[in-house]
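Asks: with the sequence up front, the predicted model follows.
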Amino acid sequence: MTAASSNNESPQPGLYIHIPFCLSKCGYCSFYSIKSINLIPAFLSALKQEMKFYSNNFQSFDTIYIGGGTPSLLTAKQLAEIFIAINKFYKIESPAEITIEVNPGDVSADYFQSLRSVGINRLNIGIQSFNDNLLKFLGRRHSKKNVLEAIDAARTAGISNVGIDLIYGIHHQDIKLWKRTLQKALTFAPEHISCYQLSLEAKTPLHKKYGAEGIKIPKEEQQAKFFLATSEELENASYIHYEVSNFARNENLKSRHNIKYWQHVPYLGLGPAAHSFLNNKRWWNKPSVKNYLREIAQGKMPLENSEELSIEQLQLEALFLSLRTKAGIDLERYKTKYGTDLLVDKKTIIDALVKNKLVELSNGSLLPTRAGMAVADSLALI
Amino acid sequence: MYWGLFHLKIMENIRNFSIIAHIDHGKSTLADRLIQFTGVCDERNFQDQILDNMDIERERGITIKSNAISLPYRAHDEKDYTLNLIDTPGHVDFSYEVSRSLASCEGVLLLVDAAQGVQAQTLANLYLAMEHNLEIIPIINKIDLPSADVDRVLEQIESELGLDPDTHLKCSAKEGIGIEEILEAIVNRIPAPKGDADNPLAALIFDAHYDSFRGTIIHCRVFDGTLKNGDIIKFMSNSTTYKVEEVGHFLLNRVKREKLCAGEVGYIIAGVKTVADVRTGDTITLQNNPTSQPLPGFKEIKPVVFASIYPIASDDYQDLADSLEKYKLNDASFIYEKDSSAALGQGFRCGFLGLLHLDIVQERLEREYDLSIILSVPSVRYRCTLKDNSVVYVDNPSHYPDPAEIIKGEEPYIRSSMMLPERYLGAVMKLCMEKRGVNSTLNYTGPGRVELSYEMPLAEVIYDFYDRFKSVTQGYGSFDYDIIDFRESTLVLMDILVNGEKVDALSQIVHRERARARALLACERLKEEIPRQMFKIAIQGAIGSEIIARSTISAFRKDVTAKCYGGDITRKRKLLEKQKAGKKRMKMIGSVSIPQSAFLAVLKSDTD
């Protein structure tokens, strides 16, 4: 059992750091980033300031996730700077899970070595595809060759926890081709695989491209096939399908950091556009590096907004987040927290869902089946 | 001169008349011109179709409530006359009200559209007028239309109506042509009222309306006697008594008078709380000097079409209750009581005089009271004889007796009267047969025109008969009906099931032969309107445990978003909150969420 999922002690919070820089924008990506890498030094000093702001609210973390943007644009030295600052203001509880997202084209075994030396012990490599045409279509700046080299470099550097991101449902990618991608990925035996269905986010280049060229994302029936095939394929290879888009090679290799998001565990998000959650309050920074630098220089929090979650909102989030996970909802805990006995309140619908094999009741939990996970958004609205 | 003689002289100068016509033949427009010509109202204040007070009446071009107005007119003989125009409702649903208005008159203007000619309601109204021995003045209206065919209409007046075509007048109410001739004909051809102001009081109630300041305003025609402030009046149907607070005449507004005398038309205010306490057709007399016999023709009118009304949002229940109470103040023929449905929640079971009446109530609730309502499938009132020989009347499917207990089921029948060009005869006969019509009669009323009559179950008429009749006759057919009797019928209770759960609001009492088609239609409509859900949905039509129709909605298999953005759970939650709010507006039947639009789609197919 991992530290994050132990329910007796209050779990340690997680720390997320958003590195808002990219050399180029991927077609599908709606995360905030800019190309002005000359601002990185200024950003780093502002980041340290922001850490200081929160040092009274957060004392320690046992997971850290450096995401973006493209964190691998930072030099080893810059990353070291960040970790010196983290250690200055907070305590890193061990065993800590410390992850960085990397772009295959930016990295080398030496780079990975230096990441290890600052304490990073988990990689998330944005592979997306092994097919150069699809990579080009997605607007990635790396190639299949880069991918193979990056995985090789990670292993050479002795990083024992490697996760990869893949995308399915891309134009011209049929299920057969997707299955080949999965088989290829399995040859590297990654500790963690995230398989995301391509979605067209508003204002992204790909959204425009699909619109302009009259291309459509796969129909729901086809999406279901992709989803179920992915789950089958990876579970056959002994991976655990522990969340809608996430697979772990074993129980201990699930992303402990991401699980915090899904269980209302506190987390602190630093950097532009980052979200934080503590004591039923969620707040987030403005998606603007300029604003971030300016406000922090003025001694202000660079907040865009915040919200205090009502019990109904927490309840809805608990439902939709836990029904995205294989662990499902602990019914007794839900009842204690929200005063609702789902088995009584939603008996008719739960009976129907069980009968239709979309959920199971097991050891006091309500769990989505594979087919249930595919309709988790609706499960949350029961 | 003693009072009696003086009054005779007054009566000589009174004319009481109505205008009768088929819908859209120009009744309200002619009324407007008469009002304008006699100067009751100047151009500036004139709102077209003054007598049709309600927006709905003006929009639909039909009169729903009857109304009255006294027109002062100096005739060519240099004498001053009071012409009391009593307006009549223009629809078959309100034929009893029409008959009471006509009973208050000595003559009618029978208006016929010069282009459309004689129609079913022209005939029905003429028969009513003849029953009351009224002087009939045929008037051909809309002579200015390019499509006007006066010669053909004259032929129809002679052959179809059996009236002397030489007595006709021609006008264009819209253009104001021929109005003075009509006024002169009213004076010269319609007899003055008879009666004696010294006799015991006998006044006929032909309408009532509700005034929020004064309560119920009774519209009446005095046949005998005199009525004045302070009199104690008695309604002869139920012997209730009231003290008269005010009497007067209808001009554009109410004008107070000292008394109402034999021959006159006017209003009474007597502290009557609601219009439901007043019965159209009842006779008013004086408590201390009653007349021996009530005026003839009084009937308790009973609703024939029934439907339940539910608020779309259950929070609106109280608003609906308040609105119905207010609406009822002005519509004595509308009845309602509490009803509830597992599917649609708390509502009301309502009775109507017909489908148009139902439409009007629905529209007024929606428009004037700003309510979103949902209506159940309209039903007629069935008669069931049970094993213990008791007889029950059922107008609500949820009260249908256990079929094992029923030894005889009966349904109300009507006799329809249809007028149509001969070329549509085949299509209409086919429609009537399909609608279980029997005992047809056919008359050739003129060249190329027929009058067709069938006896048909009322349930078939309220289903989709009007629309289909209109469509097969391309709008050239007209239709009228009278309720005749109850006849034995094979009735069944048809239920709609969604994943095995009965949707009570969609149950219908139907003829056995109709059940399958109705059930199929409901299944198909529901299939179109219910969004796909996480599991397959079976929609079934059933009679008891026998499934007679079925449709299936396949499940959707993927709806989950790939990624919950880092810690940005707020965005996703907001989307779900929106969906959840949408889902809340749906009704849960078992484990299936059904949107209101699905109910509407099924129910609408029946009322349209």
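Replies: Ah, there it is.
Asks: quick one: the residue nearest to residue B:375 when sequence neighbours are not counted and residue B:377, what's the gap?
Replies: Closest residue to residue B:375 apart from its sequence neighbours, by C-beta to C-beta, 6 or more residues apart in numbering or on different chains: residue B:307 at 5.1 Å. C-beta coordinates here come from the backbone N, C-alpha and C atoms, glycine included. Distance of residue B:307 to residue B:377, computed by C-beta to C-beta, to the nearest Å: 7 Å.
Asks: please pull out the lowest mean pLDDT helix or strand from chain B.
Replies: Taking mean pLDDT, DSSP states H and E as the measure, helix B:55-60 is the helix or strand of chain B with the lowest mean score, a mean of 51.
Asks: the residue nearest to residue B:375 reaches residue B:350, doesn't it?
Replies: Yes: because the distance of 6.0 Å satisfies C-beta atoms under 8 Å, residue B:307 is recorded as touching residue B:350.
Asks: hey, what's in contact with both of these two?
Replies: Taking C-beta atoms under 8 Å, 6 or more residues apart in numbering or on different chains as the criterion, residue B:307 and residue B:350 both touch residue B:358.
Asks: show me chain B divided up by domain.
Replies: Each structural domain of chain B that the record assigns through automatic domain parsing is listed here as a residue range: B:3-189, B:202-286, B:305-376, B:383-489, B:492-607.
Asks: as a markdown table, these with mean neighbour count would be great.
Replies: What follows is the domains of chain B, written out as a markdown table (neighbours: other C-beta atoms under 10 Å in any protein chain shown):
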| stretch | mean neighbour count |
| --- | --- |
| domain B:3-189 | 19 |
| domain B:202-286 | 20 |
| domain B:305-376 | 19 |
| domain B:383-489 | 17 |
| domain B:492-607 | 19 |
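Asks: take those and write them to TSV, including distance to residue A:378.
Replies: Supplementary listing: the domains of chain B in TSV, determined by distance: least, C-beta to C-beta, whole Å:
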stretch	distance to residue A:378
domain B:3-189	42
domain B:202-286	49
domain B:305-376	21
domain B:383-489	32
domain B:492-607	5
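Asks: ranking these by mean pLDDT, which is last?
Replies: Of all those, domain B:3-189 carries the lowest average pLDDT, namely a mean of 84.
Asks: how about the helix or strand that contains residue B:28 as CSV, C-alpha atoms only?
Replies: In this assignment (DSSP states H and E), residue B:28 forms part of helix B:27-37. Extracted in CSV, the C-alpha atoms of helix B:27-37 (Å, rounded to 0.1, in the frame of the first residue of the first chain):
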residue,chain,number,x,y,z
LYS,B,27,-68.6,38.1,-37.2
SER,B,28,-66.4,40.2,-35.0
THR,B,29,-65.5,42.6,-37.8
LEU,B,30,-69.1,43.3,-38.5
ALA,B,31,-69.8,43.8,-34.8
ASP,B,32,-67.0,46.4,-34.8
ARG,B,33,-68.5,48.3,-37.7
LEU,B,34,-71.9,48.4,-36.1
ILE,B,35,-70.4,49.7,-33.0
GLN,B,36,-68.4,52.4,-34.9
PHE,B,37,-71.3,53.3,-37.1
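Asks: the closest residue to residue A:253 other than its chain neighbours and residue A:124, how far apart?
Replies: Excluding the flanking residues, the one nearest residue A:253 by C-beta to C-beta, 6+ apart is residue A:191, at 4.4 Å. Residue A:191 sits 10 Å away from residue A:124 when distances are taken as C-beta to C-beta.
Asks: which neighbours do the two share?
Replies: Between them, residue A:191 and residue A:124 share the neighbouring residues residue A:163, with contact defined by C-beta under 8 Å, 6+ apart.
Asks: and the residue of the stretch 251-400 of chain B closest to chain A?
Replies: Closest to chain A within the stretch 251-400 of chain B is residue B:342: 12.7 Å, counting by C-beta to the nearest C-beta.
Asks: didn't that residue look like it was pressed against residue B:506?
Replies: No: here residue B:342 lies out of contact with residue B:506, judged by C-beta under 8 Å, at a distance of 11.2 Å.
Asks: got the contact list for the longest helix along chain B?
Replies: Taking DSSP state H as the criterion, chain B has its longest helix at helix B:512-529. Under the criterion C-beta under 8 Å, 6+ apart, residues B:436, B:490-492, B:494, B:496, B:498, B:506, B:508, B:510, B:539-543, B:548-553, B:594-595, B:597-598, B:601-602, B:605 lie in contact with helix B:512-529.
Asks: in helices, which of those residues fall?
Replies: Using DSSP H, these in helices are B:597, B:598, B:601, B:602, B:605.
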